[in-house]
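> Quick check, what structure comes out for this input:
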Amino acid sequence: MFKNKSLVKKARKLRIRKRIRKKIAGTPERPRVCVYKSNRYIYSQAIDDQNQAVLASASTVEKEFREKNKKTKTIAASSALGSILAERLKKKKVKEVILDRGTYPYHGRVKALAEALRKGGLIF
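Residues are numbered from 1 along each chain as shown. Below is the predicted model:
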């Protein structure tokens, strides 16, 4: 009857993640942009699932990001992170991506990151 709430949350997140990953797969031409959000930082990677390789990554922990932005928790920080990742993917000649938001709803910092990727010239 009484369950550990943290185990229930982990199980729910795992179900959501599996449901999303059944539908999404990255290719070399169209990699999957995976987003992970902690309370303090946000991380994103462009992953080629066929070759099991990370094509590009960016996070609010990086020195390049921290030189330009002081805050890491804000929507503006997520937007700046999205433009950095878009720039790195453009150097790799990637034009299209698939957004994997993980277990997070599409609003706030995740939405800001996605819109910055679109402004950077990526299509999804």
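> where does the protein have low pLDDT?
Applying pLDDT under 70 to the chain flags residues 1-2.
> Show me the residue at the heart of it, geometrically.
In the chain, the residue lying closest to the centroid (Cα atoms, centre = their mean) is V35, at 2.1 Å.
> longest helix of this structure?
Ranked by number of residues, the top helix in the chain under DSSP state H is helix 5-23.
> for the protein, what spans make up the helices?
Going by DSSP H, the chain shows helices at 5-23, 63-68, 75-91, 109-119.
> circling back to that earlier point, identify the residues contacting the longest helix of the chain?
By Cβ atoms under 8 Å, 6 or more residues apart in numbering, the list of residues contacting helix 5-23 from outside reads 100-103. C-beta: built from backbone N, CA, C; applies to glycine.
> got the CA positions of that helix in PDB?
The C-alpha trace of helix 5-23 is given here as PDB (Å, rounded to 0.1, in the frame of the first residue of the first chain):
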ATOM      1  CA  LYS A   5       7.700   8.000  -3.800                       C
ATOM      2  CA  SER A   6      11.200   8.200  -5.400                       C
ATOM      3  CA  LEU A   7      10.900   4.700  -6.800                       C
ATOM      4  CA  VAL A   8       7.500   5.500  -8.200                       C
ATOM      5  CA  LYS A   9       8.800   8.600  -9.900                       C
ATOM      6  CA  LYS A  10      11.800   6.700 -11.300                       C
ATOM      7  CA  ALA A  11       9.500   4.100 -12.700                       C
ATOM      8  CA  ARG A  12       7.200   6.700 -14.300                       C
ATOM      9  CA  LYS A  13      10.200   8.500 -15.900                       C
ATOM     10  CA  LEU A  14      11.500   5.200 -17.200                       C
ATOM     11  CA  ARG A  15       8.200   4.400 -18.800                       C
ATOM     12  CA  ILE A  16       8.000   7.900 -20.400                       C
ATOM     13  CA  ARG A  17      11.600   7.700 -21.700                       C
ATOM     14  CA  LYS A  18      11.000   4.200 -23.200                       C
ATOM     15  CA  ARG A  19       7.800   5.400 -24.900                       C
ATOM     16  CA  ILE A  20       9.600   8.300 -26.500                       C
ATOM     17  CA  ARG A  21      12.700   6.400 -27.500                       C
ATOM     18  CA  LYS A  22      10.500   3.800 -29.400                       C
ATOM     19  CA  LYS A  23       9.500   6.600 -31.800                       C
END
